[in-house]
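K.L.:
Pasting the sequence and the predicted model now:
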Amino acid sequence: QVRLTESGGGVVQAGDSLRLSCVASGRTYGTWGWFRQAPGKEREFVATVGWSGADKEYGDSVKGRFTISRDYAKNSQSLQMNSLKSEDTAVYYCAASRRTGIAVQAELYDYWGQGTQVTVAS
């Protein structure tokens with residue numbers, strides 16, 4: 001059974017950093033992604049990394065602050081979030097796809113984690 005397990009969420013102050021991680025059970029996935037959803041808002045693309053690890057894409061609101069990375073040995077991915085803002089408050093979801101190229105659309109992902117809450121206090 002495929003399972004993605006996120007960790008690292010929590011409550012931080014504006015300007016702080018936080019690192020999210022996601023570990024996958026089972027097979028190795030080609031493309032990883034992070035999405036988030038704030039209360040009353042639609043799900044938003046945050047970041048994606050392709051199979052090579054070199055191809056990455058970020059949502060406009062997080063460019064320059066967030067960094068996505070993957071660890072082949074651990075079959076996992078991470079999202080380093082710096083200079084956090086109150087508007088980054090959301091539930092963050094890990095996603096994995098059988099694709100090999102980067103993917104910004106949620107419908108291109110095959111598996112999803114349960115989500116981890118990130119709250120940034122201003």
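P.N.:
Structure's in. What do you need?
K.L.:
Quick one: residues contacting residue 36.
P.N.:
43, 44, 46, 88, 90, 91, 92, 93, 118 (C-beta atoms under 8 Å, 6 or more residues apart in numbering). Quick note: C-beta positions are derived from backbone N, CA and C, even for glycine.
K.L.:
do residue 17 as well
P.N.:
Residue 17 makes contact with 80, 81, 82, 83, 84, according to C-beta under 8 Å, 6+ apart.
K.L.:
Apart from its chain neighbours, what residue comes closest to the fourth one?
P.N.:
Beyond its immediate neighbours in the sequence, the residue positioned closest to residue 83 (C-beta to C-beta, 6 or more residues apart in numbering) is residue 65, lying 4.8 Å away.
K.L.:
how much space between the one you found and residue 46?
P.N.:
Note on residue 65: its distance to residue 46, by C-beta to C-beta, to the nearest Å, is 11 Å.
K.L.:
again, but for residue 66
P.N.:
From residue 66 across to residue 46, the span is 7 Å (C-beta to C-beta).
K.L.:
Looking at the two, which has the bigger crowd around it?
P.N.:
For residue 66 versus residue 46, the count of surrounding residues by other C-beta atoms under 10 Å is larger for residue 46: 25 against 21.
K.L.:
my guess is that one is in a strand, correct?
P.N.:
Yes - with DSSP: H, G, I helix; E, B strand; the rest coil as the criterion, residue 46 is part of a strand.
K.L.:
Tell me which residues touch it, please.
P.N.:
Taking C-beta under 8 Å, 6+ apart as the definition, contacts of residue 46 comprise 33, 34, 35, 36, 58, 59, 62, 66, 79, 92.
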